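K.L.:
return a 3D structure for these sequence lines:
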Amino acid sequence: MDLELSEDQRSLKALVADFGRDWATSSDPAGQTSPDAWRRLAGLGVFELADVEVGTGGIVEQVIVAEELGRVLLGAQYAFTASYVVPLLSLATDGEIAPVILGNRRVSFAGSGRRVVSAGCDLSGEWDLVPGFEPTDAYLLVEDVGAVARIWLAAADDSGVSAEPLHDLDLGSTTVNLRFCQTPSWLVAEVPREQLVSSHQRARLLIAAELIGVAEAAIRAAAEYAKVRVAFGKPIGSYQGVSHPLAGSLAQLEGVRSLLYLTACHLEADTTDAAMLSLAVKARAGAVAVEATGRALHTFGGIGFTWEHPIHRYHRRAIAANATAGSSFELGHQLGLEALACLTR
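P.N.:
Residues are numbered from 1 along each chain as shown. Okay, here's the model as predicted:
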């Protein structure tokens with residue numbers, strides 16, 4: 001299996017990296033993704049990669065995008081848009097997908113697995129801890145009813161929608177508790193349950209890719225700081241107590257990155273190992289990223305803990321992303337149960 005990036009993939013990586021650098025220098029201090037920035041990101045064609053009907057790209061390309069966006073803390077909504085919103089809406093027949101791919105409509109994924117209480121096309125129910133945009137245009141809800149999954153779409157500005165914002169650990173995303181009370185909605189598609197399972201696996205993979213980008217950016221920033229911060233007459237990077245933990249984190253990240261691209265290839269080929277690998281890479285990436293960003297934060301010393309310095313945002317993002325779509329502990333436990341089941345069959 002060849003894990004080397006092709007010339008087109010390297011070009012995509014450079015394109016998204018350039019966008020990220022431009023966005024980082026012009027973004028608001030809280031790191032929220034503005035509608036204009038989201039349209040410019042869509043203009044790169046990154047959402048077309050996830051359109052299952054068009055099929056212009058693969059999962060490896062989406063991993064590249066997620067990792068590069070993670071470096072500038074811009075990946076909070078990309079994983080859900082590329083894993084759920086675009087693939088599921090692309091299966092609809094009424095043209096709902098075009099505005100999303102163009103970035104003109106921002107759709108937040110409200111979650112799956114909950115039974116939707118509906119009277120005709122009026123929804124009622126509660127969805128807690130929904131990560132979304134600020135502002136958002138619509139909510140995508142997935143009702144898992146066994147062999148099929150029903151895809152519902154509800155306008156965010158309807159009077160029947162109540163979104164209670166929560167205090168986020170991650171400054172670059174917005175989390176809300178949603179309440180629907182006889183909210184007009186559209187049943188845009190019914191898809192095989194296997195498509196929903198595929199979206200779950202892809203979400204774990206893309207969040208893992210984002211975590212790697214977040215962690216590597218933090219470690220490299222800490223390494224640069226360690227070269228110029230002088231203590232006791234020498235740069236602090238010359239002390240093994242500072243340099244060795246940073247080097248160790250970078251080595252761990254390289255191992256997780258290899259697992260990441262291996263998992264992407266298995267998901268793309270739809271192998272029997274894809275499900276287990278998606279659990280493993282998300283669990284490992286979350287644990288390594290939280291530890292790595294914590295080390296980076298401590299390398300900066302007191303200034304790293306101040307509100308003015310951006311390094312704390314990387315640690316916040318790593319913790320929040322680790323808890324999304326299953327924490328490293330939860331997925332590790334699930335992975336162990338799956339392995340035990342394989343041994344007892």
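
K.L.:
from here on, contacts and neighbour counts on C-alpha atoms
P.N.:
OK.

K.L.:
which ones are touching residue 327?
P.N.:
With contact taken as CA atoms under 8 Å, 6 or more residues apart in numbering, residue 327 is in contact with 282-283, 286.

K.L.:
which of these count as buried?
P.N.:
By neighbour count, with 16 or more other CA atoms under 10 Å, these hold 282-283, 286 as buried.

K.L.:
in CSV: those residues, plus distance to residue 334, secondary structure and pLDDT.
P.N.:
CSV is the format used below for the buried ones among the contacts of residue 327 (distance: CA to CA, whole Å; DSSP: H, G, I helix; E, B strand; the rest coil; pLDDT from 0 to 100):
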residue, distance to residue 334, secondary structure, pLDDT
282, 12, helix, 97
283, 10, helix, 97
286, 15, helix, 97
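
K.L.:
any idea which of those is closest to residue 170?
P.N.:
Proximity of these to residue 170 (CA to CA) peaks at residue 286, which lies at 14.7 Å.

K.L.:
confidence score at the residue of the chain positioned farthest from its centre?
P.N.:
Distance from the C-alpha centroid of the chain, by CA atoms, centre = their mean, peaks at residue 233 (42.1 Å). Here the pLDDT value assigned to residue 233 is 94.

K.L.:
likewise residue 31?
P.N.:
Looking at residue 31, its pLDDT is 58.

K.L.:
helices of the stretch 51-200 of the chain, start to end?
P.N.:
In the stretch 51-200 of the chain, the helices defined using DSSP state H, counting those that start in this stretch lie at 59-71, 78-80, 86-89, 97-101, 193-228.

K.L.:
comparing the ones you listed, which comes out most buried?
P.N.:
Counting by mean count of other CA atoms under 10 Å, helix 59-71 has the highest mean neighbour count of those, with a mean of 26.

K.L.:
show me what it is in contact with.
P.N.:
9, 12-13, 16-17, 20, 46, 49-50, 75-76, 78-79, 82, 202, 205-207, 209-217, 261, 264-265, 267-268.

K.L.:
ok, back up a step: let me have the buried ones among the contacts of residue 327 in JSON lines, extended by distance to residue 188.
P.N.:
Output for those, formatted as JSON lines (distance: CA to CA, whole Å):
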{"residue": "282", "distance to residue 188": "30"}
{"residue": "283", "distance to residue 188": "33"}
{"residue": "286", "distance to residue 188": "34"}
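
K.L.:
for these, which one is nearest residue 335?
P.N.:
Among the buried ones among the contacts of residue 327, residue 283 lies closest to residue 335 (CA to CA), at 9.0 Å.

K.L.:
residues touching that closest one, list them.
P.N.:
Residue 283 makes contacts with 322, 326-332, as judged by CA under 8 Å, 6+ apart.

K.L.:
buried only: go through those residues for me.
P.N.:
322, 326-328, 331-332.

K.L.:
circling back: quick one: the helices of the stretch 51-200 of the chain as a markdown table, columns for mean pLDDT and distance to residue 160 too.
P.N.:
Converted to a markdown table, these look like this (pLDDT from 0 to 100; distance: least, CA to CA, whole Å):
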| stretch | mean pLDDT | distance to residue 160 |
| --- | --- | --- |
| helix 59-71 | 95 | 34 |
| helix 78-80 | 92 | 24 |
| helix 86-89 | 89 | 23 |
| helix 97-101 | 84 | 23 |
| helix 193-228 | 95 | 27 |
